[in-house]
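Enquirer: Build me a model from this:
(4 chains)
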There are 2 protein chains.
Amino acid sequence: MPETRWLSPSQQRDWRAFVDGSVRLLDALDQSLKAGHGLSMAEYEILVRLSEAPERKLRMAQLAAEASQSRSRLSHTCTRLESKGLVRRETCPSDKRGVLARLTDEGFHALERAAHDHVIAVRDLFVDVVDPGDLAAIGRALSAVIVRVDKSR
Amino acid sequence: MPETRWLSPSQQRDWRAFVDGSVRLLDALDQSLKAGHGLSMAEYEILVRLSEAPERKLRMAQLAAEASQSRSRLSHTCTRLESKGLVRRETCPSDKRGVLARLTDEGFHALERAAHDHVIAVRDLFVDVVDPGDLAAIGRALSAVIVRVDKSR
DNA sequence: GGAACGAGATTGAAGGTTCAACTATTCCTG
DNA sequence: CAGGAATAGTTGAACCTTCAATCTCGTTCC
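Expert: Sure, this is the predicted structure:
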């Protein structure tokens, strides 16, 4: 086994702050969403992507990609969201293998209510404690990471 | 309900890049660790913290805090790690309610092997695609977030 | 045109996490 | 110093995610 090339002390500090910080932040947002609206962040992301799609509907595979979830996970989650009445599934007319997930009106209103509180929490725990220049750096950096991770599959 | 104060377009872009990027990155690292060494990132973090503690042992509550996990989760995970022989639990002499988790020699060696590959992946998917200045910004920003989130509990 | 291959999505079981309830010990206060 | 409140940790059940297997439909190619 070749010698391990460790991170420098400052790289290590920054990397650890990133891991710890994102885990804690995402966790806190998840719990606040769950407590206030009975939605997990994963469910919330799904509703958001649907709400922004034309006619508020999307193919399952694309929805999975946009919400950074596996197809299987999306299937299960959609089943749950469907039984709550927030989403409905219909078969895709152009490709009979495909399925379209559509946001219901009830789903849209649930999302509106959840988003109101969620944005407050995001400001409170993240945006307001981060320097604007650092926020921009985060945007740049993580966009590059997305490209890199997606390429590695 | 008061009017919702949305994020600005650029704040929104940066925030979303952060959420998507961290989810995908953490996911990719988790899978690589699992495929190569049968460890989840949560388990890995536990081993790391133990390896750095004096005598490689730590109270459960402190370990939970350092690894950003709930106590319950840590209990379950420790049970698994213990049955793999990577960790051992002993009662704390000074406080009979307490429990000390200790890294075994086997656990230490498993960690050494896993860390070697893990660092490579972290460089590959994160450190090497991020500008050094942006990395420092991430360190600053997320450290502030940790303080804020911890204060909010 | 039909056999083989590939893509889209779902399913069930296994594994991990969360939540609330519980035991045991220590701390605090009158 | 007795008794209640608080702290440390574990447990089991419910819930969610992952993994591999499966089903259906489309595409290719001889």
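Enquirer: Tell me where the model's unsure across chain A.
Expert: A:1 (pLDDT under 70).
Enquirer: So which bits of it are right by DNA strand D?
Expert: Counting by C-beta under 7 Å from any atom of the strand, the residues of chain A lying close to DNA strand D are A:Ser40, A:Ala42, A:Gln69, A:Ser70, A:Ser72, A:Arg73, A:His76, A:Thr77, A:Arg80, A:Asp95, A:Lys96, A:Arg97. C-betas here are computed from N, CA, C, even on glycine.
Enquirer: Now do the helix ranked longest in chain A: which elements does it pack against?
Expert: The single longest helix within chain A, with elements called by DSSP state H, is helix A:9-37. Packing partners of helix A:9-37 (3 or more C-beta pairs under 8 Å, 6 or more residues apart in numbering or on different chains; DSSP states H and E): helix A:41-52, helix A:105-125, helix B:9-37, helix B:132-151.
Enquirer: Does the longest one reach DNA strand C?
Expert: No. Applying C-beta under 7 Å from any atom of the strand, one finds that helix B:9-37 is not in contact with DNA strand C, the shortest distance being 8.6 Å.
Enquirer: Report the inter-axis angle for that helix versus helix A:9-37.
Expert: With axes from the mean of the first three to the mean of the last three C-alpha atoms, to 10 degrees as the basis, helix B:9-37 and helix A:9-37 are set at 110 degrees to each other.
Enquirer: any idea how far helix B:9-37 is from the chain center?
Expert: A distance of 14 Å separates the centroid of the chain from that of helix B:9-37, by C-alpha atoms, centre = their mean, to the nearest Å.
Enquirer: List the residues that contact the residue nearest the centre of chain A.
Expert: By C-alpha atoms, centre = their mean, chain A has its centre lying nearest to A:Glu45, at 4.4 Å. Contacts for A:Glu45 (C-beta atoms under 8 Å, 6 or more residues apart in numbering or on different chains) come out as A:Ala67, A:Ser68, A:Gln69, B:Val19.
Enquirer: do the same with A:Ala144
Expert: Residues counted as contacts of A:Ala144 (C-beta under 8 Å, 6+ apart) are B:Val129, B:Val130.
Enquirer: same question, the one 5 residues further on
Expert: When contacts are counted by C-beta under 8 Å, 6+ apart, A:Val149 touches B:Gly21, B:Arg24, B:Leu25, B:Ala28, B:Leu125.
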